[in-house]
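Asker: Sharing a sequence plus its predicted fold:
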Amino acid sequence: MDDTAELDPAVRSILAAARERAREGEEGAGGDDGGGEGDESGEPAGSDRVAVDPRDLRAAFERAEADDRVPVIAEVKPTSPTTEGTREDDPVELAESMVAGGAAALSVLTEPEHFGGSTETLDRVREAVDVPVLRKDFVVAESQLDAVESDVVLLIARFVGDDFPDLLAAARDRGFQVLVEVHDREELETAVDAGAKLIGVNNRDLAELVVDLGTFESVAPAVPDDATLIAESGIASPADVRRMRAAGADALLVGSAIMDGDVEANTRELTRAETDTHSTDDAPETRI
Ligand SMILES: O=P(O)(O)OC[C@@H](O)[C@@H](O)c1c[nH]c2ccccc12
């Protein structure tokens, strides 16, 4: 059915956990309300469909551009399989610092077991800021879409496979904007054929968890002009920002380099990469 055997063991474990949560969500929706036991993800068993009135992501990018800021989606990521330790700060404070540093939008991990995220955190962050918020999770089944409201949801082409058109429609029916993540030209073609308009190219290979900014550069030329294109992962310095922009990125998704150190200063340095001639490319705060 899929090729999970080729994935890094951490990613395989993440996917198995996502499928398990999806199954719990479906059982809950099946009538017999189990009371939500084992529900640490915060996904409400038997919940109704969500109906989102989303904050416009493209408009947020345009506002940033008009203000001479590089459009950056800053990611609240307490930990990850490739990060040492967990950042324990209040995610709402981190989110507010990112916005103060000029982030056009935010991304919040809701995956609980491997990224330290939760749907509750996303709710609190979205309440506290007025920029669009992306829900970052491993959505593989429709029931997961009803776990929490967000302005944008992520669908990872590699993991949704043949279910992609149905999941895209299910997400849009609920009002979500959908960011479709791809890693190569084949996945890009599938995404575009299914009508994806917000496309993220992940520089991190989920099979080996290694980052190569050349991934974006090789996939970007094949992205249709009318799509909004986001470079994801591994962007660590103002030079990396300029490199991704030169390759066609409308916006950037940055986690680790912003989470490591002074969140507001890190965000400001990256959002000003095209205007601030003094920005150094080896500031310790922006190194992964
Ligand atoms: O921390 P980084 O290298 O800046 O990466 C951020 C983001 O792109 C990364 O967290 C990510 C990209 N796609 C994902 C899918 C699921 C979980 C996480 C991700």
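Answerer: That came in fine, so what should we check first?
Asker: neighbours around the nearest residue to Ala141 once chain neighbours are set aside, how many?
Answerer: Distances taken as Cβ to Cβ, 6 or more residues apart in numbering put Ala22 closest to Ala141, at 3.6 Å, once the chain neighbours are dropped. Using the backbone N, CA and C atoms, a C-beta is placed for each residue, glycine as well. For Ala22, the count of nearby residues is 20 (other Cβ atoms under 10 Å).
Asker: quick one: buried residues of the helix or strand Leu253 falls within?
Answerer: Counting by DSSP states H and E, the element that carries Leu253 is strand 251-254. By neighbour count on 16 or more other Cβ atoms under 10 Å, the buried set for strand 251-254 is 251-254.
Asker: Over to stretch 187-206?
Answerer: 187-188, 190-192, 194, 196, 198-206.
Asker: before we move on, what about stretch 217-232?
Answerer: 217, 219-220, 223, 227-232.
Asker: Greatest separation within those residues: which pair is it?
Answerer: Pairwise distances across the buried residues of stretch 217-232 peak at 17.7 Å for Glu217 and Thr228 (criterion: Cβ to Cβ).
Asker: pLDDT wise, what is Val129 at?
Answerer: For Val129, the pLDDT comes out at 98.
Asker: How about it: what's its closest non-neighbour residue?
Answerer: Closest to Val129 by Cβ to Cβ, 6+ apart is Val99, at 5.2 Å.
Asker: Equivalent analysis for Val254, please.
Answerer: Val254's closest residue in space is Ile235 (Cβ to Cβ, 6+ apart), at 5.0 Å.
Asker: can you tell me how far the residue nearest to Val129 sits from the ligand?
Answerer: As judged by Cβ to the nearest ligand atom, to the nearest Å, Val99 and the ligand stand 17 Å apart.
Asker: so that residue touches Val131, yeah?
Answerer: Yes: in this structure, Val99 is within contact of Val131 by Cβ atoms under 8 Å, at 5.9 Å.
Asker: shared neighbours, the two?
Answerer: Leu106 (Cβ atoms under 8 Å, 6 or more residues apart in numbering).
Asker: What is the burial count for the residue in the chain positioned nearest to the ligand?
Answerer: Closest contact between the chain and the ligand, by Cβ to the nearest ligand atom, is at Gly255 (2.8 Å). A count of nearby residues for Gly255, using other Cβ under 10 Å, gives 24.
Asker: what's the pLDDT at it?
Answerer: 96.
Asker: Any residues of the stretch 1-150 of the chain in contact with the ligand? List them.
Answerer: For the stretch 1-150 of the chain, the contact set with the ligand under Cβ under 6 Å from any ligand atom comprises 75, 77, 136.
Asker: How many neighbouring residues does the first one have?
Answerer: Close neighbours of Glu75, defined as other Cβ under 10 Å, add up to 27.
Asker: helix or strand for it, which one?
Answerer: strand 72-76.
Asker: show me where the stretch 151-288 of the chain has strands.
Answerer: 152-156, 177-182, 198-202, 204-205, 210-211, 228-232, 251-254 (DSSP state E, counting those that start in this stretch).
Asker: could these be laid out in JSON lines, adding distance to Ser13?
Answerer: JSON lines is the format used below for these (distance: least, Cβ to Cβ, whole Å):
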{"stretch": "strand 152-156", "distance to Ser13": "15"}
{"stretch": "strand 177-182", "distance to Ser13": "19"}
{"stretch": "strand 198-202", "distance to Ser13": "18"}
{"stretch": "strand 204-205", "distance to Ser13": "16"}
{"stretch": "strand 210-211", "distance to Ser13": "18"}
{"stretch": "strand 228-232", "distance to Ser13": "21"}
{"stretch": "strand 251-254", "distance to Ser13": "23"}
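Asker: Flag every buried residue along the helix ranked longest in the chain.
Answerer: Among the elements of the chain assigned as helix by DSSP state H, the one spanning the most residues is helix 9-29. For helix 9-29, the neighbour count (16+ other Cβ under 10 Å) marks 11, 14-15, 17-18, 21-22, 24-25, 28-29 as buried.
Asker: how about these in a markdown table, adding distance to Asp48?
Answerer: Converted to a markdown table, the buried residues of helix 9-29 look like this (distance: Cβ to Cβ, whole Å):
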| residue | distance to Asp48 |
| --- | --- |
| Val11 | 31 |
| Ile14 | 27 |
| Leu15 | 26 |
| Ala17 | 24 |
| Ala18 | 21 |
| Arg21 | 18 |
| Ala22 | 17 |
| Glu24 | 16 |
| Gly25 | 12 |
| Gly28 | 11 |
| Ala29 | 9 |
